[in-house]
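# need a 3D model of the following:
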Amino acid sequence: MTFRRGPPFAIYMAHEDQARVAREFWIDHAQQQTGVGAVHPSSRWERYHAWTRGMLQDWTLARMRAAAPRYRRCVDLGCGIGDWTERFADISDEIHACDVAPDFVAETRRRVPVAVVECADLREYQLPRKVDLVYVGAVLCYVPDADALDVFKRIRAATVPGALVVVRDYCAFNLGRRTVNQDVDFYSVHRRANDLLQLADLAGLSCVEWRSSPSIYGEVMARRVPLLQWPLRALWRVATASWLRASHTLVLRA
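Take a look at the predicted model:
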C-alpha cells in the first residue's frame, strides 16, 4: 500500500514550531476551560459535545467489550480530562494514560486514582510493555505525518499480538479536503480517514472497522429499535452535509 503525502509542511512551519505551537495551545486551553469544553479547540455547543461524546464512548466501550471481556493493560494516549480513562478503568486490570497539559493530567489523576498518569508529549511518552488495549483520543491531528507514523510504530512495538488499538481523530469529511491549519498560535492537520488507515497499515496494524461519528450516532440512537438504524444514519449524513471534517473511529488489531 502506498501512502501519498500532502505538500511539505516545512515550507509553512518548521517541525519544531509545529510541536511547540500544538503543545502550548493545549496547555493554555486546559488552564482556561473546564469540563467537555476544555477538550475541544472551540466549543460553541458544550451540551451537544457532551451528548455526542457520551454516544462515542458507549459505542467504543461496546466494541471493546465485544473484542474481549477484560484487558490486562490499557493505555490512553491524550487522556484529556480523564472521562474516557475512567471508563477504560472499568474493563482493565491496569491502566496508564498521558497528556501534554498538566491541568488535564491533574484532573485525570483525580478522576481515576488507580491510573498511572504522566504529563508527557505524545511523541515522547514511553509506552509500557505488553499492552493489550490502546486508545488514541483525537490527538494525531495535532502532529504531522512522520510523527503520527512513529506513534503507530511505537504502539505496535509495545502491544501484544492481537491487541486492540482504537484511534479517534478529526478527519476530512464529505466534500472536505485534507487541510493543515498553521496559525501563529494553533497547529492541526486533518487527513482523510484512508490516509490515517494507511499510516496504521505501514506500522503493521490491521483495520477491523472504521466509522465516522455521524454513523456512530445513528447506530447508538437506534440501539433499542434496530430497524431505525439506517434511516437515522442517513438523516445524520444529511444533517452534517455541510461539515468538512468530523471525528472518525478506527478499530485496529496489532
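# right, and L202 touches V151 too?
No: contact between L202 and V151 fails when scored by Cβ atoms under 8 Å: they sit 11.8 Å apart. Heads up, the C-betas are built off the backbone N, CA and C, glycines and all.
# more neighbours, these two?
Taking neighbours as other Cβ atoms under 10 Å, L202 and V151 compare with V151 leading, 22 against 15.
# so the spatially closest residue to that one that is not a sequence neighbour, which state does it fall into?
Nearest residue to V151 in three dimensions, chain neighbours excluded: L122, at 6.2 Å (Cβ to Cβ, 6 or more residues apart in numbering). Here L122 is coil, with the state taken from DSSP: H, G, I helix; E, B strand; the rest coil.
# please name the residues that touch L122.
77-78, 98, 100, 139, 143, 147, 151 (Cβ atoms under 8 Å, 6 or more residues apart in numbering).
# report the two of those residues separated the most.
Farthest apart among those by Cβ to Cβ are C98 and D147. That separation is 14.8 Å.
# need the per-residue pLDDT for G176.
With respect to pLDDT, G176 scores 90.
# likewise the one 4 residues further on?
The predicted local confidence for V180 comes out at a pLDDT of 90.
# is the closest residue to it other than its chain neighbours within a helix or a strand, and which one?
The shortest distance from V180 to any non-neighbouring residue, by Cβ to Cβ, 6+ apart, is to V189 (4.8 Å). Using DSSP states H and E, V189 falls within strand 186-190.
# the residue nearest to V180 and D147 touch, don't they?
No: taking contacts as Cβ under 8 Å, V189 lies outside contact range of D147: 10.0 Å.
# most residues in a single strand of the protein, which one?
With secondary structure taken from DSSP state E, the chain has its longest strand at strand 159-172.
# which neighbouring elements make contact with that strand?
Helices and strands touching strand 159-172, by 3 or more Cβ pairs under 8 Å, 6 or more residues apart in numbering; DSSP states H and E, are helix 46-67, strand 131-137, strand 186-190, helix 193-202, strand 245-253.
# so which of these is nearest A234?
With Cβ to Cβ as the measure, strand 245-253 is the member of the helices and strands packed on strand 159-172 nearest A234 (15.4 Å).
# buried ones in that closest one?
245-252 (16 or more other Cβ atoms under 10 Å).
# quick check: angle from the following helix or strand past the longest strand of the chain to strand 159-172?
Next helix or strand after strand 159-172 toward the C-terminus (DSSP H and E): strand 179-183. Calculated by axes from the mean of the first three to the mean of the last three Cα atoms, to 10 degrees, strand 179-183 forms an angle of 80 degrees with strand 159-172.
# all further residue positions should be reported with the first residue as 35.
Sure, I'll start numbering at 35, so the last one becomes strand 213-217.
# and the angle from strand 213-217 to strand 220-224?
Using the same axes, to 10 degrees: strand 213-217 against strand 220-224 is 180 degrees.
# and strand 213-217, how far out from the chain middle?
Chain-centre distance of strand 213-217: 19 Å, with Cα atoms, centre = their mean, to the nearest Å.
# can you list the strands that it pairs with?
Strand 213-217 has its sheet partners listed here by DSSP bridges as strand 220-224 (antiparallel).
# any idea how far apart the tips of stretch 204-215 sit?
In stretch 204-215, first residue to last residue: 13 Å (Cα to Cα, to the nearest Å).
# wait, stretch 203-218
OK, stretch 203-218 end separation, Cα to Cα: 22 Å.
# likewise stretch 213-229?
End-to-end distance for stretch 213-229, by Cα to Cα: 12 Å.
# may I see the buried residues of it?
Buried, per 16+ other Cβ under 10 Å, within stretch 213-229: 214, 220-227, 229.
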